[in-house]
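Peer 1: sequence? don't have it. structure:
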Ligand code: KIV
C-alpha cells in the first residue's frame, strides 16, 4: 500500500489557490485503481462512462446505481489514499430531490467515496442543494453532459456560440452559488473555460476544456488505448493496451497450437520422494 497522503476538498482548494494542477483520471476496477494510486493521481472518478468502457453499452443512459456502487467499492479498496468520486447515473437524481439525496448517500455509505458528481447546471440546482444539505461533497458537471446527449443532438462540444457560452457561464455561476465544491467542464472552448476558472473560487476541472482549468480529467480507457470505438479530439493516448494485449493473446494462441506452452518451467512435477511410486499407481489403473 502506498504512503501517499489523501486529498480532501480543502487540499484540492489549496492546489487551486497555489496554482498546482490537479491530475484526475477515471478508474472502474481494482487493478487499474491500484496503478492509479501508485502513479500519484490526485483524484479518481468512477464515471458512468463505465457503461461504455466496461459493459459495452453505446452510452451511459443504461448504467444503474448497483453497477456504479460495485465499481466504486472496487476502486476504493485499491486506492484508499486517493480522493475517489462516484458518478450519479441517469435517473438516480433527476426525478426528485429525495431520490438525489438517497442515491448520493448510497455512494458514501456503501462505497465510502469522498464526493459525488452529477450532470447539469441551473436545472439541477435543487438537487445539488439537497445533496449538499446532507453533508456530501458535490462536483457539478456542465458543458457536454453525456446523459442528455439526446437533447444536445449528440456528443457535441458546448459553449461555441455566444448564446451557448452564456448558458455554460450561467450554469457554472449557479453551481458555485449553490455551494458545490468542485466543477467539471466537458468539451467547452478554452477561452470560456479559462474565464470560468478565473471567476470561480472553487476548483474547475477540464475534460476537453483546455489547459487553463485548475486540473485535467481523462477517461483511463482512452489514455491507455483500451477503448477503441472512437477517440474524442481532446484525448491524448499514452499507450496502446489494446495492441499490447491482443498481441500477447495471439502469441498465447500460437504457443498452445504449437505445443510450446506450457513448458517444463510451468509444470508441477511430483515430489521427488514420491515419483518412484507412480509407475505402480499407473499399473493399478491399467
Ligand atoms: O462518466 C464519466 O467518465 C464522465 C466523464 C465523461 C466526465 O462523466
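Peer 2: Good, I have the coordinates. Because the structure is a prediction, the values reported are computed rather than measured.

Peer 1: hey, let's count contacts and neighbours off CA atoms from now on
Peer 2: Noted.

Peer 1: flag every residue of the stretch 51-200 of the chain that's near the ligand.
Peer 2: Within the stretch 51-200 of the chain, not a single residue sits near the ligand (C-alpha under 6 Å from any ligand atom).

Peer 1: does the closest residue to residue 80 other than its chain neighbours belong to a helix, a strand or coil?
Peer 2: Closest residue to residue 80 apart from its sequence neighbours, by C-alpha to C-alpha, 6 or more residues apart in numbering: residue 6 at 7.9 Å. Of the three states, residue 6 takes coil under DSSP: H, G, I helix; E, B strand; the rest coil.

Peer 1: residues near residue 76, how many?
Peer 2: Here the number of neighbours of residue 76 (other C-alpha atoms under 10 Å) works out to 25.

Peer 1: for it, helix, strand, or coil?
Peer 2: Per three-state DSSP, residue 76 ends up helix.

Peer 1: surely it meets residue 114?
Peer 2: No. Counting by C-alpha atoms under 8 Å, residue 76 stays clear of residue 114, with 9.6 Å between them.

Peer 1: picking that back up, residues in contact with the residue nearest to residue 80?
Peer 2: Neighbouring residues of residue 6 by C-alpha atoms under 8 Å, 6 or more residues apart in numbering: 42, 80-83.

Peer 1: kindly report the same for residue 255.
Peer 2: Taking C-alpha under 8 Å, 6+ apart, we find residue 255 in contact with residue 261.

Peer 1: and this protein, what are its domains?
Peer 2: Residue ranges for the domains of the chain, per automatic domain parsing: 9-239, 244-284.

Peer 1: residues contacting the strand or helix carrying residue 125, please?
Peer 2: In this assignment (DSSP states H and E), residue 125 forms part of helix 125-133. By C-alpha under 8 Å, 6+ apart, the surrounding residues in contact with helix 125-133 are 93-94, 96-98, 100-101, 104, 138, 140, 174-175, 178-180.
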